[in-house]
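Trainee: fold the following and give me the result.
(one chain, ligands or ions: 2)
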Amino acid sequence: MINSDISRRTLVKRGAIASAGLGALRLAAPVYAVQTPVGADVIPWLDQPEPNPVPDVIVRQLEWEQLDQWTTPTDQFFVIKHFNEPQLAEADWSLALSGLVNTPMTLSLADIKARPREEVTFTIECSGNTGLPFFHGGVGNATWAGTPLAPLLEEAGIMEEGIEVVFWGADAGEQTWGHATITEHFARSMSLEDAMNPANLLAYEMNGEELPNLNGYPLRLIAPGWYGVANVKWLTRIEVRDSRYQGHFMARDYVTMREEQIDDEAVWTRMLVAHDRLKSAPAKVVREGNGYSVMGAAWGAPIAKVEISIDGGEWEETTLSEGEGEEHAWVFWTYDWASAAPGEHTVSSRATDIDGNVQPAPDEGHLAGKTTYWESNGQITRRVELM
Ligand SMILES: Nc1nc2c(c(=O)[nH]1)N[C@H]1C(S)=C(S)[C@@H](COP(=O)(O)O)O[C@H]1N2
Ligand SMILES: [Mo]
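Mentor: Ligands and ions are numbered 1, 2, ... in the order given. Okay, here's the model as predicted:
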């Protein structure tokens with residue numbers, strides 16, 4: 001307390017000039033621009049991610065200090081690739097709709113593009129993001145375009161026993177399980193009810209252009225509200241089954257292990273990674289003249305507010321600056337750091353969704369007994385040094 005009082009007082013002189021400048025800015029453009037203003041500097045965080053030991057899997061990550069646009073430019077969008085990178089040509093590619101359907105179908109890309117086109121702006125996050133010291137940039141926001149999945153399933157006609165829908169990718173890799181080694185495709189499934197959600201798209205466009213190869217050309221599932229792993233790329237088959245598909249990315253990997261108390265007994269649970277979780281992150285500290293501001297993002301649920309804590313102090317509300325009211329996309333927030341004093345500081349953020357759920361501290365709620373790195377949506381604290 002005493003320390004922060006002193007630092008606040010030493011700041012008064014510096015602050016006077018800074019707040020005059022920022023006040024003038026505010027008139028011109030209501031909230032702080034998300035874009036780093038011309039002549040302003042981004043102060044790099046002191047805590048930088050460790051070198052990426054798996055560049056074939058985590059192919060590209062968002063660089064938080066460079067976050068400047070609400071829609072992530074395609075060439076900056078993170079890429080996760082567990083197996084090979086398929087090279088699919090439109091001429092010999094098709095999508096099969098098979099399994100427990102009355103009318104199996106085979107669709108060309110032209111068939112799919114001839115169907116109704118819809119767009120959704122959806123922030124995808126890999127559920128491993130921020131759970132590993134080298135993986136902090138596994139999130140991005142893009143506008144996806146494609147045709148809704150539900151009418152296609154309806155046209156195919158789901159048989160009575162059909163309760164689960166499997167999305168198969170063209171990529172495959174070797175997996176050993178017990179005594180057996182197999183070559184398995186990337187695939188995920190969801191319940192028929194989840195698959196029928198009108199938000200799901202078979203997407204062939206990202207940010208107004210053809211899907212880039214690394215993001216799943218020619219077609220991927222876009223399942224708004226689901227963690228990245230559910231958004232199957234290089235899609236070749238949609239198959240309806242009478243029970244849950246238990247492939248590697250359903251039952252072995254992307255499984256969250258947690259110790260829970262059930263009726264006073266400690267038990268271990270293993271749940272597959274599915275829906276997004278509420279999260280936020282400080283993106284960058286910006287210096288303009290003598291004034292500082294912090295900018296960040298929040299996603300995983302419709303956001304009501306984002307708060308910031310400097311040096312572990314009281315939570316203060318930030319200003320939501322872009323994306324408010326979007327159901328599936330991140331919200332950008334800004335904070336006028338009027339009391340910024342020279343030296344090292346910590347910056348933490350926490351999001352609250354429109355139902356009043358609060359992003360947990362790193363050891364709170366479902367994070368308390370969790371051992372695996374999946375679904376690490378705890379509050380993020382970054383360190384910065386101001387001159
Ligand atoms: N076919 C296929 N689809 C896939 C994957 C994959 O390895 N193969 N990775 C998944 C995971 S784990 C994530 S986080 C997202 C990442 O999508 P992006 O690479 O377009 O950012 O794709 C998902 N879809
Ligand atoms: Mo992922």
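Trainee: show me which residues of the stretch 51-200 of the chain are close to ligand 2?
Mentor: Where proximity means CB under 5 Å from the ion, the interface of the stretch 51-200 of the chain facing ligand 2 comprises Ile80, Cys126. (Glycine included, C-beta is placed from N, CA and C.)
Trainee: tell me where the stretch 51-200 of the chain has strands.
Mentor: Under the criterion DSSP state E, counting those that start in this stretch, the stretch 51-200 of the chain contains strands at 58-60, 79-80, 95-99, 105-107, 118-125, 139-148, 164-177, 180-191.
Trainee: give me the residues contacting the shortest one.
Mentor: Counting by CB atoms under 8 Å, 6 or more residues apart in numbering, strand 79-80 makes contact with Val57, Ile58, Val59, Arg60, Cys126, Gly138, Leu214, Asn215, Gly228, all of which sit outside it.
Trainee: and the closest residue to the fourth one other than its chain neighbours, how far from Leu62?
Mentor: If the residues on either side of it in the chain are set aside, Arg60 comes closest to Val79, at 4.4 Å by CB to CB, 6 or more residues apart in numbering. Val79 sits 11 Å away from Leu62 when distances are taken as CB to CB, to the nearest Å.
Trainee: higher neighbour count, the two?
Mentor: Using other CB atoms under 10 Å as the criterion, Val79 and Leu62 rank with Leu62 on top: 22 against 19.
Trainee: residue contacts, that one?
Mentor: Neighbouring residues of Leu62 by CB under 8 Å, 6+ apart: Thr72, Gln76, Phe77, Phe78, Gly137, Gly138, Val139, Gly140.
Trainee: filter those residues down to the ones near ligand 1?
Mentor: Phe77, Phe78 (CB under 6 Å from any ligand atom).
Trainee: need the contacts of Leu62 in a markdown table (columns: distance to Asn200 and pLDDT).
Mentor: Shown next, in a markdown table, are the contacts of Leu62 (distance: CB to CB, whole Å; pLDDT from 0 to 100):
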| residue | distance to Asn200 | pLDDT |
| --- | --- | --- |
| Thr72 | 21 | 97 |
| Gln76 | 25 | 97 |
| Phe77 | 20 | 98 |
| Phe78 | 21 | 98 |
| Gly137 | 26 | 98 |
| Gly138 | 21 | 98 |
| Val139 | 20 | 98 |
| Gly140 | 19 | 98 |
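Trainee: export the contacts of Leu62 to a markdown table and append columns for neighbour count.
Mentor: Below are the contacts of Leu62 laid out as a markdown table (neighbours: other CB atoms under 10 Å):
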| residue | neighbour count |
| --- | --- |
| Thr72 | 22 |
| Gln76 | 16 |
| Phe77 | 21 |
| Phe78 | 22 |
| Gly137 | 22 |
| Gly138 | 23 |
| Val139 | 25 |
| Gly140 | 25 |
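Trainee: what parts of this structure come near ligand 1?
Mentor: 77-83, 124, 126, 169, 171, 186, 215, 228-229, 231-234.
Trainee: is Thr352 bridged to anything, and to what?
Mentor: Beta-bridge pairing for Thr352 (DSSP bridges): Lys305, Val358.
Trainee: so it makes contact with Lys305?
Mentor: Yes - contact criterion CB atoms under 8 Å: Thr352 and Lys305 qualify, at 5.0 Å.
Trainee: picking that back up, just the buried residues of the contacts of strand 79-80.
Mentor: By neighbour count, with 16 or more other CB atoms under 10 Å, these hold Ile58, Arg60, Cys126, Gly138, Leu214, Asn215, Gly228 as buried.
Trainee: if I look at the first one, how far off is Val255?
Mentor: Okay, so that is Ile58. 19 Å.
Trainee: where's Val306 relative to ligand 2, distance?
Mentor: Between Val306 and ligand 2 the computed distance is 24 Å (CB to the ion, to the nearest Å).
Trainee: not counting its neighbours along the chain, what's nearest that residue?
Mentor: Using CB to CB, 6+ apart, the nearest residue to Val306 is Trp333, at 4.3 Å.
Trainee: same question for Tyr373.
Mentor: Among residues not flanking Tyr373 along the chain, Gly131 sits closest, at 2.9 Å (CB to CB, 6+ apart).
Trainee: could you confirm whether stretch 362-380 reaches ligand 2?
Mentor: No - Stretch 362-380 lies out of reach of ligand 2 by CB under 5 Å from the ion, never closer than 8.8 Å.
Trainee: tell me where the stretch 151-300 of the chain has helices.
Mentor: According to DSSP state H, counting those that start in this stretch, the stretch 151-300 of the chain carries its helices in the segments 192-195.
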